[in-house]
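Participant: Sequence and predicted model, in that order:
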Amino acid sequence: MTGELHSDTRSASAAPRPLRIGDTAPVFSARSTQGQVHLGDYRGRWLVLFSHPADFTPVCTSEFIALARLAPRFDEIGVALLGLSVDSLFSHMGWLRAIRGAFNVEVPFPVVEDTSLVISRAYGMLDETAQDSSTVRASYFIDPDGIVRAISWYPMSVGRSAREMLRLAAALKRAAAGDAVTPEGWEPGDPVLRPLTDETLVSNDDPAWFCRPLDRS
């Protein structure tokens, strides 16, 4: 069944609050442009699950072109991409063919169908009061243990930055090591900062004790 959730996620779809950072990502199994997709198959690696409002629309097309071109960079840092919308698998396949024909861009990642709206509701993108089935431009950055580490939502009229999605994924991976935090605009190879600890708080002889670089990145 398309968009069928595991039993441990049905309660999440009816939860009174939206998904938050630190929550376990609702598990689902659904059809995609590359066959059946099980969210559990991505355990052990980082994943960016991102929704788009509708196929064959200008902003969504521009995002998919940019993400397709950056897909090798995501792969290099060990981050998988998984698209999703409430459109049908037939629509997804036609749209990806149209992108290939019009822009000579091959979309290498799967795109999941959610015609039943089960996944969108489980992730809080839609609820019972939604006036239509168009999802927001939501992105969920999920760690190898299936925990949501970052969330971004954009309106239908404004496109996301694929490069920022890549940067955020890399920053989350770097910070996950636990020995450092990443400053504003951090890119791989840039200096990182020391996290605040009890030891840091008592060592206040340095006027910049609250924002100090780590010796190694």
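Facilitator: On my side now, so go ahead. Numbering: from 1, shown residues only.
Participant: Now for the chain: which helix has the highest residue count?
Facilitator: Longest helix in the chain by number of residues (criterion: DSSP state H): helix 58-76.
Participant: Which strands or helices does that one pack on?
Facilitator: strand 79-85, helix 89-103, helix 162-175 (3 or more CB pairs under 8 Å, 6 or more residues apart in numbering; DSSP states H and E). No exception for glycine: its C-beta is placed from N, CA and C like everyone else's.
Participant: Just the CA coordinates for it, please, in CSV.
Facilitator: The C-alpha trace of helix 58-76 is given here as CSV (Å, rounded to 0.1, in the frame of the first residue of the first chain):
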residue,chain,number,x,y,z
PRO,A,58,8.5,26.1,-11.9
VAL,A,59,10.0,26.5,-8.4
CYS,A,60,10.0,22.7,-7.7
THR,A,61,11.7,22.1,-11.1
SER,A,62,14.4,24.6,-10.3
GLU,A,63,15.1,22.9,-7.0
PHE,A,64,15.2,19.4,-8.5
ILE,A,65,17.7,20.6,-11.2
ALA,A,66,20.0,22.1,-8.6
LEU,A,67,19.8,19.1,-6.2
ALA,A,68,20.4,16.7,-9.1
ARG,A,69,23.5,18.6,-10.1
LEU,A,70,24.7,18.6,-6.5
ALA,A,71,23.8,14.9,-5.8
PRO,A,72,27.5,13.8,-6.3
ARG,A,73,28.5,16.2,-3.6
PHE,A,74,25.9,14.9,-1.2
ASP,A,75,27.1,11.4,-2.0
GLU,A,76,30.7,12.3,-1.3
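Participant: Compute the inter-axis angle for it and strand 79-85.
Facilitator: On the basis of axes from the mean of the first three to the mean of the last three CA atoms, to 10 degrees, helix 58-76 is oriented at 160 degrees to strand 79-85.
Participant: Show me what helix 58-76 is in contact with.
Facilitator: 48, 50, 52-54, 80-81, 83, 85, 95, 99, 103, 105-109, 137, 156-160, 162-163, 165-166, 169 (CB atoms under 8 Å, 6 or more residues apart in numbering).
Participant: for it, which positions count as buried?
Facilitator: V59, C60, T61, E63, F64, I65, A66, L67, A68, A71, F74 (16 or more other CB atoms under 10 Å).
Participant: And the fifth one, how close does it get to P213?
Facilitator: Yep, that's F64 we're talking about. As for F64, its distance to P213 is 37 Å (criterion: CB to CB, to the nearest Å).
Participant: just the first one next, same as before
Facilitator: As for V59, its distance to P213 is 38 Å (criterion: CB to CB).
Participant: and what of the second one?
Facilitator: The gap separating C60 from P213 is 39 Å, by CB to CB.
Participant: Can you tell me which helix or strand of this protein has the lowest average pLDDT?
Facilitator: Across the helices and strands of the chain, the lowest-confidence element by mean pLDDT, DSSP states H and E is helix 7-13, at a mean of 37.
Participant: and D206, how many neighbours does it have?
Facilitator: Counted with other CB atoms under 10 Å, the neighbours of D206 add up to 10.
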